[in-house]
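have a look; sequence and predicted model below, questions after that.
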Amino acid sequence: MKKEITKFQKRVYVATKKIPRGRVATYAALARFIGKPKASRAVGNALSVNPFSPQVPCHRVVKSDGEVGGFAFGTERKIALLRKEGIKVENGRIKDFRSAIVNLR
DNA sequence: GTCGTGACTAGCC
DNA sequence: CGGCTAGCCACGA
């Protein structure tokens, strides 16, 4: 049985994997990184079906506003994971969001 | 081949 | 500052 994931999804997973521990990236940043700055929505879709949940730090991906965004296992779960990594989250928003963002490139 | 949906973003009031 | 609308992309039915 194969995974049969599309190339787009693969790119999203690879980009997400590049996010170091203790830092976060926005959907727009990932979309930009893969060459589709306006595919932020598609990026979220790809992560939602992410077959590499523990392999890919999908919980390190947040919205552009600093909001945690969504998570396939529940937003609260995502927040808990982020806090474990050292990222402070308050009321569903990243604390020091601007500093927590990583520049993939 | 067409339609609808979603872990989004930016702009406008 | 807060809420709403439109735009954009990929995927499944």
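Arrived safely.

for stretch A:24-35, what is the distance to the chain centroid?
Remark: stretch A:24-35 is offset 9 Å from the chain centroid, using Cα atoms, centre = their mean, to the nearest Å.

equivalent analysis for stretch A:91-105, please.
Chain-centre distance of stretch A:91-105: 11 Å, with Cα atoms, centre = their mean.

what's the answer for stretch A:23-33, then?
Centre-to-centre, stretch A:23-33 and its host chain are 7 Å apart (Cα atoms, centre = their mean).

ok, residues contacting it?
With contact meaning Cβ atoms under 8 Å, 6 or more residues apart in numbering, stretch A:23-33 is reached by A:12, A:15-16, A:19, A:37-44, A:60-64, A:69, A:82, A:87, A:94, A:97, A:100-102, A:104-105. Every C-beta, even on glycine, is put in place using the N, C-alpha and C of the backbone.

are any of these buried, and which?
When neighbours are counted using 16 or more other Cβ atoms under 10 Å, those contain these buried positions: A:12, A:15-16, A:19, A:39-40, A:42-44, A:60-63, A:69, A:82, A:87, A:94, A:97, A:100-102, A:104.

just the residues you listed: which are in helices?
A:12, A:15-16, A:40, A:42-44, A:82, A:97, A:100 (DSSP state H).

make TSV out of these and add distance to residue A:6 and pLDDT.
Shown next, in TSV, are these (distance: Cβ to Cβ, whole Å; pLDDT from 0 to 100):
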residue	distance to residue A:6	pLDDT
A:12	10	97
A:15	14	98
A:16	15	98
A:40	17	97
A:42	10	97
A:43	13	98
A:44	15	97
A:82	28	97
A:97	30	96
A:100	29	96
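
intersect the residues you listed with the contacts of DNA strand B.
A:40, A:42-44 (Cβ under 7 Å from any atom of the strand).

pLDDT below threshold where in chain A?
Within chain A, the ranges that satisfy pLDDT under 70 run A:1-3.

residue of it nearest DNA strand B, please.
Per Cβ to the nearest atom of the strand, residue A:70 is where chain A lies closest to DNA strand B, at 2.3 Å.

excluding its backbone neighbours, what's nearest that residue?
With Cβ to Cβ, 6 or more residues apart in numbering as the criterion, residue A:70 has its nearest non-adjacent residue at 7.2 Å, and that residue is residue A:44.
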